[in-house]
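*Asks:* next one to model:
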Amino acid sequence: MGKKDPLPPGTTIIEGTDGSISFDDQYVTITHTWLSNAGRGEARFPLGAIAGVNVKNGMVLAAVTVVVPGGGIPRKGKDPFTVNGCVKTDAAAFRDLLLAARASVDAVPALEPQAPLIDQAPVVPEASNLVEQLQQLAALRTQGMLSDEEFGIAKAKLLGTSPPEDDVPQPW
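*Replies:* Now for the predicted structure:
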């Protein structure tokens, strides 16, 4: 983002003498200006990729370093993960904000990949068992314990077929 670009709502930014670090609840963006020894440019990291935030206080100002796994050890004065010349109180507040956001990401358990659903054919009971169950259903209907509609639905379930549309009971 350029200096004149408006920040998205909810973005927190800390500015230093050689760049800025912004956080928009999902990404941390480090932007270096032409004054930076690390070179001008921008690096963007998802919040889950941030391992930590270090603040090194000087006499008046502070340096804020975003720790990214695999970031390596930068050459002296060429640290693309550090913004120098930040106000100390702002740097500490920014660090606390990022660490709290990172902790909330860690607190939410990742969704476990579930086994894919396998379409299985309905289990059809053995013929003798099926006949017995159909006879029991017919007896319940004869005794008046099942309506014709309920009998049709139960029979369809036993046979592994769907009942005709007009046999399906309607919700109240």
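*Asks:* packing partners for the helix or strand bottoming out on mean pLDDT in the chain?
*Replies:* Least confident element among the helices and strands of the chain, by mean pLDDT, DSSP states H and E: helix 127-142 (a mean of 82). For helix 127-142, the elements it packs on are helix 148-159, judged by 3 or more CB pairs under 8 Å, 6 or more residues apart in numbering; DSSP states H and E. Just so you know, the C-beta spots here come from the backbone N, C-alpha and C atoms, and that holds for glycine as well.
*Asks:* counting contacts, what elements does the helix it packs on pack onto?
*Replies:* Using 3+ CB pairs under 8 Å, 6+ apart as the contact criterion, the neighbours of helix 148-159 among helices and strands are helix 127-142.
*Asks:* got the angle between the helix it packs on and helix 148-159?
*Replies:* Using axes from the mean of the first three to the mean of the last three CA atoms, to 10 degrees, the direction of helix 127-142 lies 170 degrees away from that of helix 148-159.
*Asks:* now helix 127-142: buried residues?
*Replies:* With burial defined by 16 or more other CB atoms under 10 Å, the residues of helix 127-142 counted as buried are 133, 134, 137, 141.
*Asks:* and the two most separated of those?
*Replies:* Set against one another by CB to CB, these have their most distant pair in 133 and 141, with a gap of 12.9 Å.
*Asks:* which residues are common contacts for those two?
*Replies:* The contact sets of residue 133 and residue 141 do not overlap (CB atoms under 8 Å, 6 or more residues apart in numbering).
*Asks:* what is the top helix by length along the chain packed up against?
*Replies:* Looking across the chain with DSSP state H, the single longest helix is helix 88-107. On a contact count with 3+ CB pairs under 8 Å, 6+ apart, helix 88-107 meets strand 12-15, strand 19-23, strand 52-57, strand 61-67.
*Asks:* burial measure for the residue nearest to residue 40 when sequence neighbours are not counted, as a count.
*Replies:* Spatially, and ignoring its direct neighbours in sequence, residue 40 is nearest to residue 34 (5.1 Å; CB to CB, 6 or more residues apart in numbering). Residue 34: 8 surrounding residues under other CB atoms under 10 Å.
*Asks:* how about the least confident helix or strand of the chain as PDB, C-alpha atoms only?
*Replies:* What follows is the C-alpha trace of helix 127-142 in PDB, where atoms were taken according to Å, rounded to 0.1, in the frame of the first residue of the first chain:
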ATOM      1  CA  ALA A 127     -35.000 -63.500   2.400                       C
ATOM      2  CA  SER A 128     -36.400 -65.500   5.300                       C
ATOM      3  CA  ASN A 129     -35.800 -62.600   7.800                       C
ATOM      4  CA  LEU A 130     -37.300 -60.200   5.300                       C
ATOM      5  CA  VAL A 131     -40.400 -62.300   4.900                       C
ATOM      6  CA  GLU A 132     -40.800 -62.500   8.700                       C
ATOM      7  CA  GLN A 133     -40.400 -58.700   9.100                       C
ATOM      8  CA  LEU A 134     -43.000 -58.000   6.300                       C
ATOM      9  CA  GLN A 135     -45.400 -60.400   8.000                       C
ATOM     10  CA  GLN A 136     -45.000 -58.600  11.300                       C
ATOM     11  CA  LEU A 137     -45.600 -55.300   9.600                       C
ATOM     12  CA  ALA A 138     -48.700 -56.700   7.900                       C
ATOM     13  CA  ALA A 139     -50.000 -58.000  11.300                       C
ATOM     14  CA  LEU A 140     -49.400 -54.600  12.900                       C
ATOM     15  CA  ARG A 141     -51.400 -53.000  10.100                       C
ATOM     16  CA  THR A 142     -54.200 -55.500  10.400                       C
END
